[in-house]
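> Provided below for reference: sequence and predicted model.
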Amino acid sequence: MAVDPEPYLQIAKGRPPSSPTAQTDEVAKPKGKATGSGFAVTGAQVVTNAHVVEGCKKIDVADRGSARVKALDAKNDLALLEVDAVMAPAATLSQTRLRQGDAVTVVGFPLRGLLAAGPQVTAGNATALAGLANNTAIIQISAPVQPGNSGGPVLDSSGNVIGVVTSKLNVLKTAAVTGDIAQNVNFAVAPSTLRGFLEANDVRYNAAPSTKSLGTADVADIGKRFTVLVECKTE
């Protein structure tokens, strides 16, 4: 029987807490502002999630100034932003086929205002080459993600981008059905989906084979250079 994946997905768009407490799972949500992550694909263009910029009256890329939506793909949850300030360096997309079990590293800005102000790094593996209901536009990863990670890059062991963080399994709804707490079930836009989006919008992105096998810290150093905080103002 086909399963409707929508009730089991939870987006990872963050809103900074006004008075965080360790006892609550729900972070306080001030009106008017939310944050996500993104990464530079050219000197003046940033990739993030469509849901990160949904309903925004003003979009800022931290330390780069105002941004405008150049292209939006709501179905695949991707957005392309243009910024005024030139960014360097830009990400490199992998030309090597992703394999199930490959190491992945996520860089982003989760739980802005609660955790450290700079980019956060988590590591895991490519758990599956499809998402819920065998959706091949999505990959499943075990690297932990939190609200605010949305739109951030997923990197392979060469520091090349192989995906874009988009959502996580809603463990509370899943537990109500299965009776168990799922662990580290997170999702990212697949490499082919990302490349198709960029090519459809005439983005001349960098690409290279993934031939290196770097440690997580070295991959993180690469990713932090082009990962950015995306701020959405809704009022």
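Here it is on my side, so go on. The structure displayed is predicted, hence computed values, not measured ones. Numbers count the residues shown, from 1 in each chain.

> Tell me the helix or strand right after the least confident helix or strand in the chain by mean pLDDT.
Ranked by mean pLDDT, DSSP states H and E, the weakest helix or strand in the chain is strand 9-11, scoring a mean of 57. Next along the chain after strand 9-11, taking DSSP states H and E as the criterion, comes strand 33-42.

> Run the chain-centre distance for that next one.
With Cα atoms, centre = their mean, to the nearest Å as the basis, strand 33-42 stands 8 Å off its chain's centre.

> And for stretch 144-161?
For stretch 144-161, the distance to the chain centre is 5 Å (Cα atoms, centre = their mean).

> ok, now stretch 58-65?
Distance of stretch 58-65 from the chain centroid (Cα atoms, centre = their mean) equals 17 Å.

> same thing with stretch 48-64?
For stretch 48-64, the distance to the chain centre is 13 Å (Cα atoms, centre = their mean).

> how about the closest residue to residue 47 other than its chain neighbours, what does it touch?
In space, and not counting its chain neighbours, residue 47 is closest to residue 41: 5.3 Å by Cβ to Cβ, 6 or more residues apart in numbering. For glycine as for every other residue, the C-beta is placed from the backbone atoms N, C-alpha and C. By Cβ atoms under 8 Å, 6 or more residues apart in numbering, residue 41 lies in contact with 47, 80, 90, 91, 93, 198, 203, 205, 206.

> now do residue 142
Counting by Cβ under 8 Å, 6+ apart, residue 142 touches 124, 125, 127, 184, 185, 186.

> And the residue nearest to residue 47, how close does it get to residue 203?
Per Cβ to Cβ, to the nearest Å, residue 41 is found 6 Å from residue 203.

> now swap in residue 194 and tell me
10 Å.

> Kindly report the same for residue 163.
For residue 163 relative to residue 203 (Cβ to Cβ), the value is 16 Å.

> Are we agreed that residue 187 is in a helix?
No - counting by DSSP: H, G, I helix; E, B strand; the rest coil, one finds residue 187 to be strand, located in no helix.

> My guess is it contacts residue 139. True?
Yes - Residue 187 is in contact with residue 139 according to Cβ atoms under 8 Å; the separation is 7.0 Å.
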